[in-house]
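> sequence unknown, structure follows:
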């Protein structure tokens, strides 16, 4: 019975802990969902590509860890449900036992009621007989029709009858109290049973709700892990494509420099040979004169030809007339990533101009970058202009500072502008470290 009374308080502490754990898991799910949105935007913004890949790997690991934690929580909830099922079976056994006890109490109550109903006439008969004998004994003694022995015998009978009547009255009173006690015990047991059943039903419903939420969360995490894996693969593919393009451009530039160097050496050698031939044919008197060296021609390359700043450069309109909404190194996605370039907000189809003179080495659409312009400049620098709505130059074109390259487009789903990035070799650098950009951004 003690165990039964305790049954109404099944697993209260565990229920609270389970609710807290579920709350933490849901909060973690929300955080992952919020980071997933930032990760999706990273794929659309070229400046986040490198850091987005590492961040995506980290998020994928977090998601898998959350999956494992949810599986463990789900396993624990299933165990608790199994315990609840066993407790339900035990409660049903107790219900059956209580119902049997109820039936027994009802049978006992019926017997007590029958005994009470049987005792009542017996008591009445005994009282009536005692009254009759007493009346007769009194009259006999009064009129002396009987002797003293008869009177004494009648009085003894009366005493016995009265004692029997009192005993039956006591039995009746005991039966009545026992019946009332049994009925109260029956009511108390039924109340405890109802309370235990209600508590068990609440706990079972709570466990099943937790199980459903955890199953849903696990499915969501599994779906998110798949999406993150696909997104990571996309980012890696985009990075691979861009790195290959940059490496190809750098290799092409190296080949062009080597060709120019070879050509310059050949021209210098040809000039030297020609000068030597002229010296051999010259007259002796001229041979005695000191030769006057010809001025050396400065070696320059078309890609590195500079031009004076234009009016657009002096007005600070390079690379686009707009407002910087994210600078280089600014935190992205809650501080987990940093911007690799500068994001400008500008009206749609605003002119995009070259920051410095150079050669257009790429002018085409690239996945993840939109319509992209890459200009090579002196000193191994490259400037990138991404997410354009329209390209105004072609690959191979020579441009000056301020030359219109393209028209700005959408930088994300809701805002128009331009993404600008500076690279030195294959690495991104802060545009403020590039003298050409510093000159036009003052």
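Ah, there it is. Note that this is a predicted model, so its numbers are computed, not measured.
> how about residue 352, secondary structure?
strand (DSSP: H, G, I helix; E, B strand; the rest coil).
> Which strand residues bridge it?
Note on residue 352: beta-bridge partners residue 406, judged by DSSP bridges.
> before we move on, what about residue 418?
Beta-bridge pairing of residue 418 under DSSP bridges involves residue 344.
> how near is residue 377 to residue 269?
With distances taken as Cβ to Cβ, to the nearest Å, residue 377 is found 30 Å from residue 269. (C-beta placed from N, C-alpha, C; glycine too.)
> Have a look at these two and say which one is more surrounded.
Under the criterion of other Cβ atoms under 10 Å, the comparison of residue 377 against residue 269 puts residue 377 first, with 23 against 10.
> wait, doesn't the more buried one sit right on residue 398?
No. If you go by Cβ atoms under 8 Å, residue 377 and residue 398 don't touch, sitting 11.7 Å apart.
> Can you read off the backbone torsions of residue 349?
phi 70, psi 30 (degrees, to the nearest 10).
> so what's in contact with residue 377 and residue 398 at the same time?
357, 358 (Cβ atoms under 8 Å, 6 or more residues apart in numbering).
> what about residue 393, which SS state?
coil.
> isn't it right next to residue 405, touching?
Yes. Counting by Cβ under 8 Å, residue 393 does reach residue 405; the two are 5.3 Å apart.
> higher neighbour count, these two?
Just comparing residue 393 and residue 405: by other Cβ under 10 Å the higher neighbour count belongs to residue 405, 23 against 17.
> Check the more buried one and give its pLDDT.
As predicted, residue 405 sits at a pLDDT of 96.
> shared neighbours of residue 393 and residue 405, anything?
By Cβ under 8 Å, 6+ apart, the residues touching both residue 393 and residue 405 are 360, 363, 373, 399.
> what about the stretch 1-150 of the chain, any weak spots by pLDDT?
Scanning the stretch 1-150 of the chain with the threshold set as pLDDT under 70 gives 1-48, 127, 129-131, 133-149.
> just the helices in it please.
Assigned helices in the stretch 1-150 of the chain, in chain order: 2-6, 12-44, 49-143, 148-281 (criterion: DSSP state H, counting those that start in this stretch).
> now swap in the stretch 301-442 of the chain and tell me
Using DSSP H, counting those that start in this stretch, the helices of the stretch 301-442 of the chain run over residues 311-314, 435-441.
> tally of neighbours for residue 355?
Each residue near residue 355 was counted by other Cβ under 10 Å, and the total is 25.
> List phi and psi for it.
Main-chain torsions, residue 355, degrees, to the nearest 10: phi -70, psi -30.
> Let me know the pLDDT of it.
Here the pLDDT value assigned to residue 355 is 95.
> roughly how far apart are it and residue 206?
Residue 355 is 63 Å from residue 206, where distance means Cβ to Cβ.
> what do you get for residue 351?
Relative to residue 206, and taking Cβ to Cβ, residue 351 is found at 63 Å.
> Go through the helices of the stretch 301-442 of the chain and find the least confident stretch.
Here those differ in mean pLDDT, and the lowest is helix 311-314 at a mean of 48.
> Tell me which residues touch the nearest residue to residue 190 once chain neighbours are set aside, please.
In space, and not counting its chain neighbours, residue 190 is closest to residue 98: 7.4 Å by Cβ to Cβ, 6 or more residues apart in numbering. Neighbour list for residue 98: 189, 190, 193 [criterion: Cβ under 8 Å, 6+ apart].
> okay, these in CSV with neighbour count and distance to residue 217 next?
Formatted as CSV, the contacts of residue 98 follow (neighbours: other Cβ atoms under 10 Å; distance: Cβ to Cβ, whole Å):
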residue, neighbour count, distance to residue 217
189, 19, 41
190, 13, 40
193, 18, 36
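> nearest to residue 67, of these?
residue 193 (41.6 Å; Cβ to Cβ).
> The closest one contacts residue 93, correct?
No. Residue 193 is not in contact with residue 93 according to Cβ under 8 Å; the separation is 11.8 Å.
> can you list the domains in this structure?
Listed by automatic domain parsing, the domain ranges of the chain are 2-239, 308-441.
> Next, format the ones you listed as JSON lines and append distance to residue 277.
Formatted as JSON lines, the domains of the chain follow (distance: least, Cβ to Cβ, whole Å):
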{"stretch": "domain 2-239", "distance to residue 277": "56"}
{"stretch": "domain 308-441", "distance to residue 277": "36"}
